[in-house]
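Novice: Provided below for reference: sequence and predicted model.
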Amino acid sequence: MPIFVITYELRGQAKRFDYQPFGAELRKQKCFQIQGTTWLGSFANNATQVHNHFKKLMERSDSLMVNELYQHFCYTGGATGVTRWLELNPPAALPGANPGETLEAGIARARAKQSGAAAPVPQATKGPAKAPARAAAKSAPKAADGKPAAGNKGK
């Protein structure tokens, strides 16, 4: 199952809003607290579904961000057991990802897949692109009637 990083800021007043159900739901879902308002959770859902599930337990003015953790992670800090939890709950690999592929190549491949076209091959360019030979003929001087000017045979 994918791992999600759940982070939030409680902007509401504790006197006006009961956050007990929110905290209880994080614990019930076996989420792991790595910092004060940052948790890890493993769910068989997408980020939007996880976000909407927890947001309904918060006050409207509170902020909540849920993002899926893919392949690479690193943690240092005060919470004990984070690395162990991550090792026991490996994040899902990004569907369709190719190891060693550059970000740009992956984006180009994904866009080509969406449009149904073959993935473009990125090429390095130096300076402005040269105009095709036909473009030069179009820019040749022309007489008032639109025909090539005298001495210019349309080259």
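Specialist: The structure has been received and is ready for your questions.
Novice: all helices in the chain, in order from the N-terminus.
Specialist: If DSSP state H is used as the criterion, the helices of the chain fall at 20-28, 47-55, 82-88, 103-115, 133-138.
Novice: Figure out which of those helices is closest to I34.
Specialist: Of all the helices of the chain, it is helix 82-88 that lies closest to I34, at 5.1 Å by Cβ to Cβ. C-beta coordinates here come from the backbone N, C-alpha and C atoms, glycine included.
Novice: can you redo the helices of the chain as a markdown table with mean neighbour count?
Specialist: Shown next, in a markdown table, are these (neighbours: other Cβ atoms under 10 Å):
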| stretch | mean neighbour count |
| --- | --- |
| helix 20-28 | 13 |
| helix 47-55 | 16 |
| helix 82-88 | 14 |
| helix 103-115 | 12 |
| helix 133-138 | 10 |
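Novice: wait, which of the ones you listed is closest to L69?
Specialist: When these are compared (using Cβ to Cβ), the closest one is helix 82-88, at 8.2 Å.
Novice: per-residue confidence averaged over the closest one?
Specialist: The pLDDT scores in helix 82-88 average 78.
Novice: Check what contacts that helix and list those residues.
Specialist: Outside helix 82-88, the residues that touch it by Cβ atoms under 8 Å, 6 or more residues apart in numbering are 3, 32, 34, 40, 73, 75.
Novice: Out of these, which end up buried?
Specialist: Buried positions within these, assessed by neighbour count (16 or more other Cβ atoms under 10 Å), are 3, 32, 34, 40.
Novice: quick one, what contacts the residue lying closest to H51 once chain neighbours are set aside?
Specialist: Take H51 and drop its neighbours on the chain: the residue closest to it by Cβ to Cβ, 6 or more residues apart in numbering is V66, 4.2 Å away. Listed by Cβ under 8 Å, 6+ apart, the contact set of V66 reads 4-6, 47-48, 50-51, 54.
Novice: residues of stretch 55-70 that come out buried?
Specialist: 55, 57-59, 62, 64, 66, 68-69.
Novice: Restrict that stretch to CA atoms and write it as PDB.
Specialist: The C-alpha coordinates for stretch 55-70 follow below in PDB (Å, rounded to 0.1, in the frame of the first residue of the first chain):
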ATOM      1  CA  LYS A  55     -10.300  16.900   6.700                       C
ATOM      2  CA  LYS A  56     -13.800  16.200   7.700                       C
ATOM      3  CA  LEU A  57     -12.500  15.700  11.300                       C
ATOM      4  CA  MET A  58     -10.900  19.200  11.400                       C
ATOM      5  CA  GLU A  59     -12.200  22.800  11.600                       C
ATOM      6  CA  ARG A  60     -12.700  24.500   8.200                       C
ATOM      7  CA  SER A  61      -9.900  27.000   8.800                       C
ATOM      8  CA  ASP A  62      -7.300  24.300   9.500                       C
ATOM      9  CA  SER A  63      -4.700  23.400   6.900                       C
ATOM     10  CA  LEU A  64      -4.000  19.800   5.800                       C
ATOM     11  CA  MET A  65      -1.600  18.400   3.300                       C
ATOM     12  CA  VAL A  66      -1.500  14.800   2.200                       C
ATOM     13  CA  ASN A  67       1.200  13.600  -0.300                       C
ATOM     14  CA  GLU A  68       2.200  10.200  -1.400                       C
ATOM     15  CA  LEU A  69       5.800   9.100  -0.600                       C
ATOM     16  CA  TYR A  70       7.500   7.600  -3.600                       C
END
